[in-house]
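Q: Sequence first, predicted coordinates after that:
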Amino acid sequence: MTAVARLSVNQFPLLIGDLLLSSEESPRQHDVYVPSVGLHTVAFPRGSGYTITGLRQKLALIGSNLAIGWTGHRIAAQCVIEEMVAENRRNSFTLSTLFSYLNSRPNEGINHDFALVGWLIEGERVRGFGFRSTIEFTSETFGRVGLLGTGAEDLQDYLTAYPDIPLWNVPHPWQAFSMGLLLTGFLLRSEMKNLSSLHQYYGGGYEIIGMDQGLFVKLDNVTFAFWEATLIGKKVTFTLQPRILKYSYRDDVLLIRSLIFSQAVQSSLDLVANSRVDAVPPIYRNITNEEADGHQPPMNSQILCNYFLIKLPNGIRQVFSRVHHISDEREPLLSFHEDGAQVQVTLSASQFSEICEEIGQHIDDVAGGRIVVRPI
């Protein structure tokens with residue numbers, strides 16, 4: 001099914017969408033690799049009745065003026081959205097012509113499950129819309145929010161409970177991208193921890209659309225790393241989770257590179273891992289074998305996101321995040337050195353100490369913390 005959100009952050013538009021496809025289980029069911037957890041059978045053992053059937057992009061750039069997220073039957077969505085791309089090239093949609101087009105589609109083209117949320121640039125305005133959206137509500141923090149799919153109620157809970165977004169001295173579109181990274185990182189971490197989103201038929205990875213120089217773009221070239229911080233007496237154990245994920249695009253194909261630790265290691269500063277790459281097609285077209293294979297994006301990215309799940313002594317859990325951009329004068333917490341099929345992961349001791357100090361606002365005595373790599 002789906003989890004898609006349309007929201008705004010300090011008036012900057014944002015779309016977030018998952019990747020999972022699911023259906024009733026078939027005797028001919030083939031194995032599907034989900035980058036966050038591995039084979040689909042981890043979440044749905046054989047005989048579950050319903051299962052994961054693949055990954056597909058749920059967000060689409062119809063043009064630089066129109067960005068959407070969709071839910072519904074994959075084949076119906078592919079036909080309609082492919083036609084929308086062609087129609088928008090001929091004559092850019094306005095909100096009025098977009099709804100006229102959607103409402104004029106025959107039932108066999110848009111079934112009752114098909115729905116959209118999105119953003120449209122019309123003249124000087126950026127307008128949000130929903131077509132059969134699952135949930136619509138107004139938030140003081142995120143403006144008019146539109147949600148789709150089986151994950152809509154979970155997303156509503158997350159967004160309703162989210163703390164206030166700090167105002168920047170100078171408003172900037174990166175505020176929306178930052179919020180997207182925080183939310184998708186939290187969702188991915190929860191998925192790795194307990195599979196809960198997969199059991200509700202959404203997740204598998206997430207895309208982010210925002211605005212750059214007045215046009216809609218997908219956030220590209222991002223690496224995600226996930227940690228746990230556990231207080232034991234006066235010691236804090238930092239556990240690096242066994243999967244680091246790199247998201248990048250090759251044209252309109254999403255490439256997810258999974259860095260997987262195959263064994264525990266003695267040193268905390270030089271971790272060695274193997275990797276694999278999965279190609280996720282856009283909804284409006286299928287991809288060739290050549291597009292799906294043979295390209296391995298480097299793990300070092302323009303953006304490195306580290307997420308720390310902190311277990312406080314009072315039982316409360318908090319998520320602490322550190323987003324590092326390549327333009328930052330500080331060195332990244334993690335760097336990657338590639339040699340053939342293997343990747344060496346190096347930790348910055350100075351950045352780790354700085355992060356310990358920041359986390360120390362929530363946990364006492366983190367200065368003696370240590371790094372542990374958990375094997376699969």
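A: Looks like it came in fine. Numbers count the residues shown, from 1 in each chain.

Q: for Arg257, what are its contacts?
A: Going by Cβ atoms under 8 Å, 6 or more residues apart in numbering, Arg257 touches 245-246, 248, 275-277, 296-297, 299. Glycine gets a C-beta too; all of them are placed from N, C-alpha and C.

Q: in the helix or strand encompassing it, what counts as buried?
A: Using DSSP states H and E, Arg257 maps to strand 253-260. Residues 253-259 are the ones in strand 253-260 that count as buried (16 or more other Cβ atoms under 10 Å).

Q: List the strands paired with that strand, with their directions.
A: strand 243-250 (antiparallel), strand 270-280 (antiparallel) (DSSP bridges).

Q: Pick the most deeply packed of the ones you listed.
A: strand 243-250 (a mean of 21; mean count of other Cβ atoms under 10 Å).

Q: how far out from the middle of the chain is that one?
A: Distance of strand 243-250 from the chain centroid (Cα atoms, centre = their mean, to the nearest Å) equals 10 Å.

Q: Show me what the mean pLDDT comes to for the strand holding Arg257.
A: Strand 253-260 shows a mean pLDDT of 93.

Q: again with stretch 285-296
A: On average, stretch 285-296 scores 83.

Q: What number of residues are in the vicinity of the residue nearest to Ser248 when sequence neighbours are not counted?
A: Spatially, and ignoring its direct neighbours in sequence, Ser248 is nearest to Pro297 (4.4 Å; Cβ to Cβ, 6 or more residues apart in numbering). Per other Cβ atoms under 10 Å, the neighbour tally for Pro297 reads 18.

Q: which ones are touching Pro297?
A: Going by Cβ under 8 Å, 6+ apart, Pro297 touches 221, 246, 248, 250, 255, 257, 277.

Q: Nearest to Ser190, out of the strands paired with strand 253-260?
A: strand 243-250 (13.8 Å; Cβ to Cβ).

Q: what comes into contact with that closest one?
A: 35-36, 188, 192, 205, 207, 218-226, 254-261, 273, 291, 295, 297-299, 301, 334, 345.

Q: cutoff 7 Å now
A: Residues from elsewhere that reach strand 243-250 (Cβ atoms under 7 Å, 6 or more residues apart in numbering): 35-36, 192, 218, 220-225, 254-260, 295, 297, 299, 301.

Q: okay, Gly369: pLDDT?
A: Looking at Gly369, the pLDDT reads 56.

Q: Can you pull the poorly scored residue ranges out of the chain?
A: 107-112, 163-171, 231-236, 262-272, 294, 312-316, 341, 360-376 (pLDDT under 70).

Q: Could I get the buried residue list for stretch 282-301?
A: Buried, per 16+ other Cβ under 10 Å, within stretch 282-301: 282-284, 291-292, 297, 299-301.

Q: And for stretch 66-85?
A: Applying 16+ other Cβ under 10 Å to stretch 66-85 flags 66-72, 76-81, 84-85 as buried.

Q: Quick one: end-to-end distance for that stretch.
A: 9 Å (Cα to Cα, to the nearest Å).

Q: what's the domain layout of this protein?
A: The record assigns the chain these domain ranges, following automatic domain parsing: 4-218, 222-373.

Q: which one of those domains is the most hemmed in?
A: By mean count of other Cβ under 10 Å, the domains of the chain have domain 4-218 as the most buried, with a mean of 18.

Q: Just give me how far it sits from the chain centre.
A: Domain 4-218 sits 10 Å away from the centroid of its parent chain (Cα atoms, centre = their mean).

Q: That domain: end-to-end distance?
A: With Cα to Cα, one end of domain 4-218 sits 14 Å from the other.

Q: do stretch 336-348 as well
A: 11 Å.

Q: Nearest residue to the middle of this structure?
A: The centroid of the chain falls nearest to Tyr206 when counting by Cα atoms, centre = their mean (2.5 Å).

Q: next one: phi and psi at it?
A: Dihedral pair for Tyr206: phi -140, psi 150, per degrees, to the nearest 10.

Q: contacting residues for it?
A: Shown in contact with Tyr206 (Cβ under 7 Å, 6+ apart): 16-18, 184, 187-188.

Q: From these, which land in strands?
A: The strands, defined by DSSP state E, take in 16-18 from those.

Q: Show me which of these is closest to Phe177.
A: Ile16 (10.6 Å).

Q: Who are the contact partners of the closest one?
A: Ile16 makes contact with 4-5, 180, 183-184, 206, 208, according to Cβ under 7 Å, 6+ apart.

Q: mind running it again at 10 Å?
A: 3-7, 58-59, 69, 147, 155, 179-181, 183-184, 187, 206-210, 219 (Cβ atoms under 10 Å, 6 or more residues apart in numbering).
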